[in-house]
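> how would this look folded up:
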Amino acid sequence: MLIVFAVVLVVSGALIAGAAWGIYGRLPDRLEGFLVAMAGGALLLSVTTELIEPSIDKSSVFHAMLGVAAGAIVFCGFDYLIDEKWGSNSGGGLLAAITLDGIPENLALGVALIGAGGLEVAALAGSILLSNLPEAAGGARSMASGGRSKARVMLLWAATAALLSVAAIAGNFLLAGVGEGTLAIIRCFAAGAVVASLATEVFPKAYKDDHYLSGIATALGVILAFVLGNLGG
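Numbering: from 1, shown residues only. Sure, this is the predicted structure:
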């Protein structure tokens with residue numbers, strides 16, 4: 001029980017910390033781009049090894065394909081609508097990325113925590129944390145610079161963190177008895193949304209801010225996620 005709340009607190013708390021960093025702090029654009037690319041690389045490997053591969057092993061390729069496709073389609077659809085309403089540079093896209101991939105992602109994280117030790121979920125939780133920090137920072141900064149009050153932006157990101165916390169806790173308590181096929185779709189829906197968000201929101205931002213080193217940073221993120229994943233193995 002304690003490990004569930006600890007992981008949820010760290011992962012969702014990264015959203016609030018990232019939003020505060022984006023609104024009240026400032027890093028050089030190139031450094032921020034480097035960090036975003038590294039987080040994206042870590043998350044790219046983690047969704048493959050911690051969400052898609054286990055789903056195929058425990059269920060089927062069909063369930064994995066169905067979930068990944070659905071997650072990507074839903075994310076891109078909502079991302080398009082948000083860009084049309086708020087504008088592509090408003091921060092709404094990153095908020096959509098975190099929310100749409102975060103809900104099933106945290107449901108899956110909650111399920112992964114059932115009967116597991118902290119190190120066994122280190123790769124997924126650590127990569128989500130690394131991704132949430134710079135994504136929330138970039139999204140919150142864009143929203144604040146777009147004319148919204150800092151307090152309102154912080155409240156929005158805090159509400160998002162609370163929603164994702166509820167999703168992780170619900171996944172741990174309510175989905176323990178769900179069949180592997182359903183869990184596979186949930187995990188892979190999260191993976192599909194993550195991959196779509198990486199392609200449309202995360203890596204383009206990283207390349208724009210630091211196009212010289214973004215490729216190296218992405219590779220470092222992959223290595224970091226691999227190291228985290230092997231801590232529990």
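> how about A144, what does it touch?
A144 is in contact with 22-23, 150, 153, counting by CB atoms under 8 Å, 6 or more residues apart in numbering. C-beta: built from backbone N, CA, C; applies to glycine.
> any idea which element it lies in?
Assigned by DSSP states H and E, A144 belongs to helix 122-145.
> What residues of that helix count as buried?
Within helix 122-145, the residues that count as buried by 16 or more other CB atoms under 10 Å are 122-144.
> what do you get for stretch 53-65?
Judged by neighbour count (16+ other CB under 10 Å), stretch 53-65 contains these buried residues: 54-55, 59, 63-65.
> Rebuild the residues you listed as JSON lines, extending it with distance to V36, secondary structure and pLDDT.
Below are those laid out as JSON lines (distance: CB to CB, whole Å; DSSP: H, G, I helix; E, B strand; the rest coil; pLDDT from 0 to 100):
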{"residue": "P54", "distance to V36": "27", "secondary structure": "helix", "pLDDT": "84"}
{"residue": "S55", "distance to V36": "27", "secondary structure": "helix", "pLDDT": "87"}
{"residue": "S59", "distance to V36": "32", "secondary structure": "coil", "pLDDT": "86"}
{"residue": "H63", "distance to V36": "31", "secondary structure": "helix", "pLDDT": "87"}
{"residue": "A64", "distance to V36": "27", "secondary structure": "helix", "pLDDT": "91"}
{"residue": "M65", "distance to V36": "28", "secondary structure": "helix", "pLDDT": "93"}
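> who's in contact with V202?
Listed by CB under 8 Å, 6+ apart, the contact set of V202 reads 36-37, 39-40, 43, 97, 131, 135.
> possible to save those as JSON lines with secondary structure?
As requested, these are exported to JSON lines (DSSP: H, G, I helix; E, B strand; the rest coil):
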{"residue": "V36", "secondary structure": "helix"}
{"residue": "A37", "secondary structure": "helix"}
{"residue": "A39", "secondary structure": "helix"}
{"residue": "G40", "secondary structure": "helix"}
{"residue": "L43", "secondary structure": "helix"}
{"residue": "A97", "secondary structure": "helix"}
{"residue": "S131", "secondary structure": "helix"}
{"residue": "E135", "secondary structure": "helix"}
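> now the helices for this protein?
2-24, 29-46, 53-58, 61-86, 92-112, 122-145, 150-174, 180-197, 203-209, 214-231 (DSSP state H).
> Return the member of these having the minimum mean pLDDT.
Sorting those by mean pLDDT places helix 92-112 lowest, at a mean of 70.
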